[in-house]
Structures are given as C-alpha cells and as structure tokens.
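Trainee: Test case, fold it:
(one chain, ligands or ions: 1)
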Amino acid sequence: MQKITINKIIKKKNKNPIICLTAYSPAIAKIADKYCDIILVGDSLGMVLYGMKTTKEVKIETMILHGKAVKKSASKSLVVFDMPYKTYSNKLIAYKNAKKVIKSTNCDAIKLEGGKKIVKIIRYLTKKGIPVMGHVGLLPQSSNNFKTRGKNFFQKKQIFEDAMAVSNSGAFAIVIECVVESLAKKITKSVSIPTIGIGASIHCDGQILVTDDMIGLSDFSPKFVKQYSNLKKIIEKSVKNYSRDVKLKRFPSYKNVYK
Ligand code: KIV
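Mentor: Next up, the predicted model:
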C-alpha cells in the first residue's frame, strides 16, 4: 500500500472524496488504515475514552501516548495529531509543543482549532515545516455548547472569514464542524484546500466522524452521525454470556485448559 502524503490529500480536492476517521488505539487504527486517507488522533478521546466533560481537560502527554500507538499501527494513512487546549496559545509555545509531538509520535501533521485568531501560528508552524490542518465552525476547545453554527448572518460571515484565513495561511486541509449546509458549500467552493466535514454536509471534499460514535460505542448520537453498527449491544451480549458461563461453570471448558 502506498503511503498517503499531504500532496495526495490536496490533489483530491474537487475530485475524490477524502475519507477520515478518528483512532485512539492500535486495534481501530489498523482497521481505519485499510480504508481511510486520514486518521485523526482526536482530542475527543478525553470525552470518549476518559469520561471528561470537555476536551479542555486533555493533556498533551495523554495525547502523545495515543498518538504513538496509532502512528505505529497505521502504515498507509496520513496520521494527524490534534493539539490539545492551551498547547498553542502563541506561535512559540505552539512550535515547541508541535516539535515535541512530531518527534515523540512521528505523526505526519497536527490539527489546530480556530480561524483568524490563529493565522500567525499556522503561518509560523508551516514555515518551520510542520504541516497543519485547520478546524473551523464548532470549536469544542473554546465553546460552551454543541449547537449548529452559521445559522445567522454574523456567524456565517465570521466562520467564512475564518476558513478563508486558515486556507490562506498555509494549512493543507480544514475541518468544518457542525455548520449549516449552505455555509459548508460556500467555504468548500471558495478555499483552495480540501474541506473535511463533520456535520457539515455532502458538499465538503471529505468526511470525518468520531469512530466510537459511528460504531455505536459512545453515548453521543447527534443527527450528523450515521451509526454503522451497535458495538455496545454486541459487547453487552458477550459480557452477559461470559457471566452466565462462569456462573454455570461452563467456562473454562476442556478447550481452554492446558494439559
Ligand atoms: O477531536 C476530534 O475527534 C475532532 C473531530 C471531531 C474532527 O476534532
């Protein structure tokens, strides 16, 4: 399998849909690697794996552990590391942390949330050779609610300007989270880099979902998530059967015993 590069991702704009999912562990990363162009080690792991209330609690050291595990398990896809809250408050802090992340995980790129406010940081990092993926629309690291964005004129204008600023500052792609369809379409037509939508319609150049939501392992099921399986039900059935077998002394059987 040929490694997916940043250039290959950029060339997919307006041509082939870019397939992306999150992964936090080797098992999921190995599966995603077969079918995805981009694997995101998302800071959503704070809420999904660690039961945190928001992604603001996620620490860079935790992300690095997962980043290392995922990158080692993905040989084809581009692996993007989500920089956690407060790790890129200015360009020098961002560079110091991004360098540490790339060195210790070997991930291919980083993702930063924000628009016009972080343009200087994106420009600085890309000039220093660190590929950056942007993220506009709903920004979990800096917002208090998960409502759809871009419903009124001012929000639409602000998010559009944010996306343009990110695109013009050297980012190679941009996640658009939870915005109205018309805005995602306008951004995708206007920016020169691929847009990756999550709750942002079919008009984006690619799609991303949090894998745990997509396989029915999390408790999060907003309208924009399509659940392809219900792993929670499958796991529950297995645990129930195991519990019954142990109780009835059916497990371990002769098949599971060393002689
Ligand atoms: O952290 C994450 O999983 C993300 C995706 C929702 C894009 O940022």
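Trainee: where does this protein come near the ligand, residue by residue?
Mentor: With the criterion set to Cβ under 6 Å from any ligand atom, the chain comes near the ligand through Thr22, Leu40, Gly42, Asp43, Ser44, Asp82, Val175, Ile198, Ile208, Val210. For every residue, glycine as well, the C-beta is placed using N, CA and C.
Trainee: how does it look with 8 Å?
Mentor: Residues of the chain lying close to the ligand (Cβ under 8 Å from any ligand atom) are 22, 40, 42-45, 48, 55, 82, 111, 113, 135, 140, 175, 177, 196, 198, 208-210.
Trainee: Restricted to helices, list the residues you listed.
Mentor: If you go by DSSP state H, the residues of the chain next to the ligand have Leu45, Val48 in helices.
Trainee: just the helices in the chain please.
Mentor: For the chain, the helices defined by DSSP H cover 6-11, 26-35, 45-48, 60-73, 91-105, 119-127, 153-167, 181-190, 211-214, 231-247.
Trainee: Would you mark the buried spots in the fourth one?
Mentor: To tie it back to what came earlier, the one meant is helix 60-73. Across helix 60-73, burial judged by 16 or more other Cβ atoms under 10 Å covers Ile60, Thr62, Met63, Ile64, His66, Gly67, Lys68, Ala69, Val70, Lys71, Ser73.
Trainee: and if you look at the fifth one?
Mentor: By neighbour count, with 16+ other Cβ under 10 Å as the criterion, the buried positions of helix 91-105 are Lys91, Ala94, Tyr95, Asn97, Ala98, Val101, Ile102, Thr105.
Trainee: Point out the other helices and strands that that helix packs with.
Mentor: Counting contacts by 3 or more Cβ pairs under 8 Å, 6 or more residues apart in numbering; DSSP states H and E, helix 91-105 packs against helix 60-73, strand 78-82, strand 109-111, helix 119-127.
Trainee: What is the neighbour count of Met47?
Mentor: Residues near Met47, counting by other Cβ atoms under 10 Å, number 21.
Trainee: Spatially nearest residue to it (excluding sequence neighbours)?
Mentor: Thr55 (6.4 Å; Cβ to Cβ, 6 or more residues apart in numbering).
Trainee: Next: Glu181.
Mentor: Leaving aside its chain neighbours, Glu181 sits nearest to Ser201 (4.0 Å; criterion: Cβ to Cβ, 6+ apart).
Trainee: which residues does the one you found contact?
Mentor: Glu181, Ala184, Lys185 (Cβ atoms under 8 Å, 6 or more residues apart in numbering).
Trainee: who's in contact with the nearest residue to the second one once chain neighbours are set aside?
Mentor: Across the structure, with Cβ to Cβ, 6+ apart as the measure, the residue nearest Ala184 apart from its sequence neighbours is Ala200 (4.0 Å). The neighbourhood of Ala200, defined by Cβ under 8 Å, 6+ apart, consists of Gly137, Ile176, Glu177, Cys178, Val179, Glu181, Ala184, Phe224.
Trainee: From Ala98, how far out is Ala200?
Mentor: Separation of Ala200 from Ala98 (Cβ to Cβ, to the nearest Å): 25 Å.
Trainee: With Val179 instead?
Mentor: 26 Å.
Trainee: and what of Ile60?
Mentor: Taking Cβ to Cβ, one finds Ile60 at 10 Å from Ala98.
Trainee: between the helices and strands packed on helix 91-105, which gets nearest to Lys34?
Mentor: helix 60-73 (11.2 Å; Cβ to Cβ).
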